[in-house]
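Give me a 3D structure for the following:
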Amino acid sequence: MKIETKTAHFSSPLYLESGRILEPYEIIYETYGTINADKSNVILICHALSGSHHASGLYENDRKAGWWDGLIGDGKAIDTTRYFVISTNVIGSCFGSTGPMSDNYYTQEPYRLKFPVVTIKDMVHAQMQLLSQLGIYHLKAIIGGSMGGMQSLQFAVDYPNLADEIISLASTYATRPWTIGFNKVAIEAIRRDPRFNHGNYQKDTFVEDGCDGIAIGRIAGHISYLSPDSMDDKFGRNYVSNDGLFELFGRYEVERYMEYNTNNFSKIFDPLSYLYIVKAINTFNLSRGYDSLHDAISRIKARVHLISFSSDYLFFPSEMEHIANMMKRNNQPHTYLEVDSNYGHDAFLVELDKFEENIKDVLK
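Residues are numbered from 1 along each chain as shown. You can find the predicted model right below:
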């Protein structure tokens, strides 16, 4: 599989939903496969909160492949021998696109809290500028899960003629209070971390020891990404063998797992980027800017394929089914699949075998 990583530079202003302007800005993106002569084989991949442009393949000396490596590649469901796949890093993130710790062009200092709030609509608008710069004006498909699924739906509503197929997994039409509540744990943990220093930290502050606020918030996140059954299956009541049962801070295996994963994550993900992206997720509402959700959905011309997971307690299957029912009443082309899974929200990243055939069929 041919992999290329590039950064696109934009000097023209990006007008944001808030009324503010971002200029200049950059988007880092990765491509897989080869584009055909008429550019009709392009698929856009949208990532979730903690994802990046690195969706598939291995970098040199890397131990971990891209976050959807099982789905994207030669001969896989998203077949890079047939399709030219583009995966971008959203604005506001910390993996190469312009975000809160990027240098402000005018001051040559990081934006920090002066970075404008960005929304899912803004992320989509920025990706449209990238596609235009690449001379790509029509897509075979747009595919994403969780926050990536939000982006794919926003594309479908805001740019009805852009794509033939929209595939949205484990997502919603608007973020509900239950999910905002989980996100609040992370927001407050980061804000109250003394080393966060109201956003006035240096770029390399957390590389060695991580950010305690993110680590704590990420524990709440992990709980919402999994399910009671999956945690039973994965950990049971097992206790860490070299921790004493009657030691105050002795741990069950589930606790050790949370510590290990969240501590590592807090060393690689910038806390300000985390706050900004969580804000984008919290403010997501597909109907904003339109008279109603029905009005927004009615704009869609692409074939929409909605995939939910039965044990998803972050974005419940009923939320995706609500979109499907609305499209059914409108006689709009769509499919809806509720995957039987006990893994939880993260099933869209893990249990690929349960829906990859569905994606293959859509792309045929």
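
now the helices for this structure?
Counting by DSSP state H, the chain has helices at residues 120-133, 147-158, 177-191, 212-225, 228-235, 253-268, 271-282, 293-298, 317-329, 347-350, 356-363.

Tabulate those helices in CSV, adding columns for mean neighbour count, distance to H47 and mean pLDDT.
To be clear about C-beta, it is placed using only N, CA and C from the backbone, and glycine gets the same treatment. Below are those laid out as CSV (neighbours: other CB atoms under 10 Å; distance: least, CB to CB, whole Å; pLDDT from 0 to 100):
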stretch, mean neighbour count, distance to H47, mean pLDDT
helix 120-133, 20, 10, 98
helix 147-158, 27, 5, 98
helix 177-191, 17, 17, 96
helix 212-225, 22, 15, 94
helix 228-235, 14, 22, 95
helix 253-268, 16, 15, 94
helix 271-282, 23, 10, 98
helix 293-298, 18, 23, 98
helix 317-329, 17, 19, 98
helix 347-350, 23, 10, 97
helix 356-363, 16, 16, 97
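
quick one, which of those helices is nearest to K76?
Evaluated over these, closeness to K76 peaks at helix 356-363, with 7.6 Å, by CB to CB.

and the protein, what are its domains?
3-175+283-363, 179-280 (automatic domain parsing).

My read is that Y274 contacts I216, right?
No: between Y274 and I216 there is no contact under CB atoms under 8 Å: 11.7 Å.

Could you pull out the residues contacting both of the two?
A186 (CB atoms under 8 Å, 6 or more residues apart in numbering).

Out of the helices of the chain, the one nearest L113 is which?
Ranking those by proximity to L113 (CB to CB) places helix 271-282 first, at 7.4 Å.

Any chance you could list what contacts that closest one?
The contact list for helix 271-282 (CB under 8 Å, 6+ apart) reads 49, 90, 92-94, 99-101, 112-113, 115, 117-120, 122-123, 147, 150, 175, 179-180, 183, 186-187, 190-191, 193, 196, 199, 201, 206, 211, 213-214, 217.

if you set the cut-off to 6 Å instead, what comes out?
Residues from elsewhere that reach helix 271-282, judged by CB atoms under 6 Å, 6 or more residues apart in numbering: 49, 92-94, 99-101, 117-120, 147, 175, 180, 183, 190, 196, 199, 211, 214.

what's the angle from it to helix 177-191?
170 degrees (axes from the mean of the first three to the mean of the last three CA atoms, to 10 degrees).

count of neighbours near the nearest residue to F84 once chain neighbours are set aside?
What sits nearest to F84 in space, not counting adjacent residues and going by CB to CB, 6 or more residues apart in numbering, is I35, at 3.9 Å. For I35, the count of nearby residues is 17 (other CB atoms under 10 Å).
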